[in-house]
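Enquirer: Give the three-dimensional model of this entry:
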Amino acid sequence: MNVPLVILIGYVIVLSLLSWKATRIQKSGSGGKVLNYLLAGQKLPTILVAVMLTGLAVGGASTVGVAEQAYSVGVSAGWYNGAWGTGGIVVGLVLAAKYRRMTQRTVPEMMGAAFGSNARLVGVVAQLLIMMTITSLQYVAGGAILASMLPDIFTMNTGMLASAIVFIGITLTGGYWASGLTNVVNVIVIYIGVFAALASGFNGFGGFEAVVQALPPEGTWFDPISGIGVAIFAGWMAVMTTMACTTQAVVQISLAAKDEKTARNGFIIGGILTLPAGFLCALFGIMAAAKFPGLANPALALPTIAANIGPLVGGVFLAGLWAADVSTAVGLLMGCSTLLIQDVWKRMSAKTFSPNTELLISRLAVFLVSACSLGLAMRAVGILRTITSALAITTSFTLLILANLYTPRLCKKSAGFWTILASLIVWALWTYVPSTRIGPHLIYLEWIVCLVVFGLTCVLDSRPAVALLSPTPDIPKTEIPQTAVSFD
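Expert: Numbers count the residues shown, from 1 in each chain. Reported below is the predicted structural model:
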């Protein structure tokens, strides 16, 4: 009997049942079909907000990607998730409640409300680029996991395809409620699988000391910072905090919370749950460096360890690794679908459609994004390098949102379009013209350029932007009309 395959099939069945359960919750919701599908009717409780954030954060980059880098630099690679968790806590303390108070439902819609239609248009392009890149890397990680642990059944490409089918199936069936419910299981499975595999792996390789003695002596295996260096550490902190503030998939979690307090507390708890995941997965990369030196593809470091532990623990670990991909991909697909519906389709269509038609189009949007992301996945290399590069684009959104909320007098009408456009241009030059790479990470150049462009608009444009929130803080929830913006 193929134990890992049986466990994986059982896990998929559980997720499918939860997705079916989510359809029942959707139908009983009072917010309208499309609002229930895309935002869970804005009824998510604290625990679901927390696991949605944790599930989004702990994906292929946080497991396979961290182990890939730890194979070379050691435990400091875990700061990728440490930075993610820190960013989630910052959003909980500073922004989550404010987002829940807003009537807009996407980040580009916020840009449009504050800075005009041009800012909204370029914002859609940037947000889709960011999230489709991250989604594609979940397919890469999913394919690597399945191909390594079930090589008789999956190749890298068929593993990516199987991952895509499950991701899409959950998203299409249960929408945002399915994302929340399945992430409760995903987060539990991830941590159970990781802890069980670490214990089994170290025992199987002769214990922790034996692994340490087998490591190349010149490495920075257990130094908390020097493996990646101070500049990269600071860059990750800046990237992940910046990203957590204004990526649609993250913002959408706070928008789906049942109230402002729930949004704030859920993000803080979710950030705390996220913090240890990267450091735990970095240990797999260190283990692989000791026992399997010279891997042709470092992305296989973690799956290689998983393939060399017992079948029962290996099966649980396989489910845990795949759970990380499922949790992240489903949230991203919902975010992309919301962008396409709110900021593309509804703006381009002059017709009024029935709720059933809008729901169908929302699901078709998931298919479109999935197909494009799968195509990108076939070309992705270097998981962490690819993902942190794309995430740096969120610099412009974070600067604009924070300025609008805290220093609205500095915001001018043209700031949105030109700051976001500058962010995209800097990313494109950094990616395709290596001679423009100034500094150790793209995030530094992004912040410098965006601040300069934003400052120029403050001086050269006399037209004020529109404040997204009333300057009076702590507006009671009862004063906010929940039907002000409807998806139906």
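
Enquirer: so who does residue 163 touch?
Expert: Counting by C-beta atoms under 8 Å, 6 or more residues apart in numbering, residue 163 makes contact with 138-139, 142-143, 146, 322, 325-326, 329. Where C-beta positions appear, they are placed from N, C-alpha and C, glycine not excepted.

Enquirer: out of those, which are buried?
Expert: The neighbour-count test (16 or more other C-beta atoms under 10 Å) marks 138-139, 142-143, 146, 322, 325-326, 329 as buried among the contacts of residue 163.

Enquirer: For residue 295, what are phi and psi?
Expert: The main-chain torsion angles of residue 295 are listed as degrees, to the nearest 10 and equal phi -60, psi 130.

Enquirer: burial count for it?
Expert: Per other C-beta atoms under 10 Å, the neighbour tally for residue 295 reads 14.

Enquirer: where does the chain have its least confident helix or strand?
Expert: Confidence across the helices and strands of the chain bottoms out at helix 383-391, with a mean of 61, counting by mean pLDDT, DSSP states H and E.

Enquirer: following that one, which helix or strand shows up next?
Expert: Using DSSP states H and E, the next helix or strand after helix 383-391 towards the C-terminus is helix 395-406.

Enquirer: What average pLDDT does that following helix get?
Expert: Across helix 395-406, the average pLDDT comes to 94.

Enquirer: which helices and strands does it pack with?
Expert: helix 107-115, helix 117-149, helix 230-246, helix 415-432, helix 442-460 (3 or more C-beta pairs under 8 Å, 6 or more residues apart in numbering; DSSP states H and E).

Enquirer: can you give me the angle the first one makes with helix 415-432?
Expert: Okay, so that is helix 107-115. Here helix 107-115 points in a direction 140 degrees away from that of helix 415-432 (axes from the mean of the first three to the mean of the last three C-alpha atoms, to 10 degrees).

Enquirer: Give me the contact list for helix 107-115.
Expert: Taking C-beta under 8 Å, 6+ apart as the criterion, the residues outside helix 107-115 that touch it are 102, 104, 119-121, 123-124, 127, 246-248, 251, 339, 342-343, 397, 400-401, 404, 411, 413-417, 420, 465-468.

Enquirer: on that earlier part again, format the helices and strands packed on helix 395-406 as JSON lines; extra columns: mean pLDDT and distance to residue 306.
Expert: Formatted as JSON lines, the helices and strands packed on helix 395-406 follow (pLDDT from 0 to 100; distance: least, C-beta to C-beta, whole Å):
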{"stretch": "helix 107-115", "mean pLDDT": "93", "distance to residue 306": "36"}
{"stretch": "helix 117-149", "mean pLDDT": "83", "distance to residue 306": "5"}
{"stretch": "helix 230-246", "mean pLDDT": "90", "distance to residue 306": "25"}
{"stretch": "helix 415-432", "mean pLDDT": "92", "distance to residue 306": "32"}
{"stretch": "helix 442-460", "mean pLDDT": "94", "distance to residue 306": "32"}
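
Enquirer: any chance of the ones you listed in a markdown table, with distance to residue 20 too?
Expert: Rendered in a markdown table, the data for the helices and strands packed on helix 395-406 read as follows (distance: least, C-beta to C-beta, whole Å):
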| stretch | distance to residue 20 |
| --- | --- |
| helix 107-115 | 31 |
| helix 117-149 | 22 |
| helix 230-246 | 31 |
| helix 415-432 | 40 |
| helix 442-460 | 41 |
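
Enquirer: hang on, the earlier thing: buried among the contacts of helix 107-115? Need that as a selection in ChimeraX.
Expert: The following ChimeraX selection, which keeps only the buried ones among the contacts of helix 107-115, applies the criterion 16+ other C-beta under 10 Å:
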select :102,104,119,120,121,123,124,127,246,247,248,251,339,342,343,397,400,401,404,411,413,414,415,416,417,420,465,468
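
Enquirer: about what we covered before: which one of the helices and strands packed on helix 395-406 lies nearest to residue 364?
Expert: Judged by C-beta to C-beta, the one of those that comes nearest to residue 364 is helix 117-149, at 15.5 Å.

Enquirer: State the next helix or strand along the chain beyond the closest one.
Expert: Toward the C-terminal end, the helix or strand that comes next after helix 117-149 (DSSP H and E) is helix 156-204.

Enquirer: Could you check the angle that next one makes with helix 117-149?
Expert: Helix 156-204 and helix 117-149 meet at an angle of 60 degrees, taking the same axes, to 10 degrees as the criterion.
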